[in-house]
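In: how would this look folded up:
(one chain, ligands or ions: 1)
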Amino acid sequence: MSDNSNPHSGTEDSTMPAQLVWQDGLPYSTKFQDVYFSSDNGLLETEYVFLQGNDLPTRWKQADLKHFTIIETGFGTGLNFLCAAKLWLATAPKHAVLHFISVEKYPLNLNDISAALILWPELSELSTPLIHQYDTLMNTTSISLYNYRIQLSVHIGDATEQLTRITNIADAWFLDGFSPAKNPEMWHSGLFLEMAKHARPSTTFATFTSAGDVRRGLINAGFKVNKRSGFGKKREMLCGEFIGTSNG
Ligand SMILES: C[S@@+](CC[C@H](N)C(=O)[O-])C[C@H]1O[C@@H](n2cnc3c(N)ncnc32)[C@H](O)[C@@H]1O
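Out: Residues are numbered from 1 along each chain as shown. Next comes the predicted model:
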């Protein structure tokens with residue numbers, strides 16, 4: 001089924017609504033046969049993998065910080081966004097602006113994202129304004145949140161294709177497709193090369209996976225890749241920084 005009603009669809013069948021069910025109270029993708037976030041504790045996993053993996057708690061305390069850009073692959077339920085937003089509002093200078101840019105080919109509908117975010121009452125102050133503006137976000141790509149301290153953009157369509165259309169340079173990347181074995185189109189060399197075009201020296205990345213193909217692909221694209229202990233049952237994860245030459 002194609003979703004031609006979305007003005008941001010790249011090609012006729014490029015975007016489809018998320019196909020998910022609820023398993024043990026958590027959203028589960030029937031298309032990819034994978035979870036949206038860890039059953040161990042998705043919120044703690046996000047804090048560990050993406051926030052600490054990119055060293056954000058330290059980087060965001062700099063008094064002269066004016067703006068910061070995160071680019072994420074896979075907006076999903078918005079959990080990563082909300083965890084980043086919570087940390088930003090608590091630690092970054094009041095006049096600094098966070099640009100959080102995500103790409104998503106199979107967006108959740110309003111009912112599903114609302115049901116997913118109810119799982120995190122500790123984020124409700126932040127998730128309520130997001131849910132109120134979610135349909136606007138899906139129709140217009142960008143919204144401002146939290147007294148203009150955060151600009152959220154979600155580009156609807158295939159990740160690699162959407163990245164070719166944006167000009168932003170990331171300070172940090174969140175790589176969060178479904179697992180590489182189940183969702184290979186989120187983890188291929190074309191995507192890693194697009195990351196390099198949207199990076200500069202000191203741009204960092206973090207991801208929950210430690211798959212060899214992902215590690216090699218990132219190295220080939222110009223990233224220095226480190227392994228660190230994974231969250232919960234996962235043995236290892238990857239994080240690192242761009243040391244190559246940007247073509248952007
Ligand atoms: C693990 S989930 C992301 C979870 C999300 N970051 C969160 O905080 O809830 C992976 C996401 O990647 C999206 N996705 C899968 N293939 C894609 C593609 N080719 N392009 C863009 N998004 C894709 C899925 O629809 C899903 O929302």
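
In: okay, now the unreliable bits of this structure?
Out: Along the chain, the parts satisfying pLDDT under 70 run over 1-14, 246-248.

In: and the protein, which residues reach the ligand?
Out: With Cβ under 6 Å from any ligand atom as the criterion, the chain meets the ligand at residues 18, 36-37, 74-80, 103-106, 158-159, 176-178, 183, 185-186. Backbone N, C-alpha and C define where each C-beta goes, glycine included.

In: now, these that are in helices?
Out: L79, N80, A159 (DSSP state H).

In: can you pull the contacts of the first one?
Out: For L79, the contact set (Cβ atoms under 8 Å, 6 or more residues apart in numbering) comprises Y36, F37, G42, L43, T46, A116, L117, W120, L123.

In: and it, how far is that from L98?
Out: For L79, the distance to L98 (Cβ to Cβ, to the nearest Å) stands at 16 Å.

In: hmm, who's touching stretch 23-30?
Out: With Cβ under 8 Å, 6+ apart, stretch 23-30 has contacts from 18-22, 34-37, 39, 42, 77, 106, 108, 112, 115-116, 119, 178.

In: let me see the contact set for the residue nearest to the spatial centre of the chain.
Out: Centroid-nearest residue in the chain: E72, 2.9 Å away (criterion: Cα atoms, centre = their mean). Applying Cβ under 8 Å, 6+ apart, we find E72 in contact with N80, F81, F100, I101, S102, V103, W173, F174, L175, D176.

In: so it, which of the three states?
Out: Assigned by DSSP: H, G, I helix; E, B strand; the rest coil, the conformation of E72 is strand.

In: how close does it sit to D64?
Out: Taken as Cβ to Cβ, the span from E72 to D64 is 25 Å.

In: go on, G42?
Out: On the measure of Cβ to Cβ, G42 and D64 end up 33 Å apart.

In: the more surrounded of those two?
Out: G42 (24 against 6; other Cβ atoms under 10 Å).

In: excluding covalently adjacent residues, which one is nearest to the more buried one?
Out: Excluding its sequence neighbours, the residue lying closest to G42 (Cβ to Cβ, 6 or more residues apart in numbering) is L79, at 5.7 Å.

In: the closest residue to Y146 other than its chain neighbours: neighbour count?
Out: Nearest in space to Y146, with sequence neighbours left out and distances taken as Cβ to Cβ, 6+ apart, is L89 at 5.9 Å. L89 has 17 neighbouring residues, counting by other Cβ under 10 Å.
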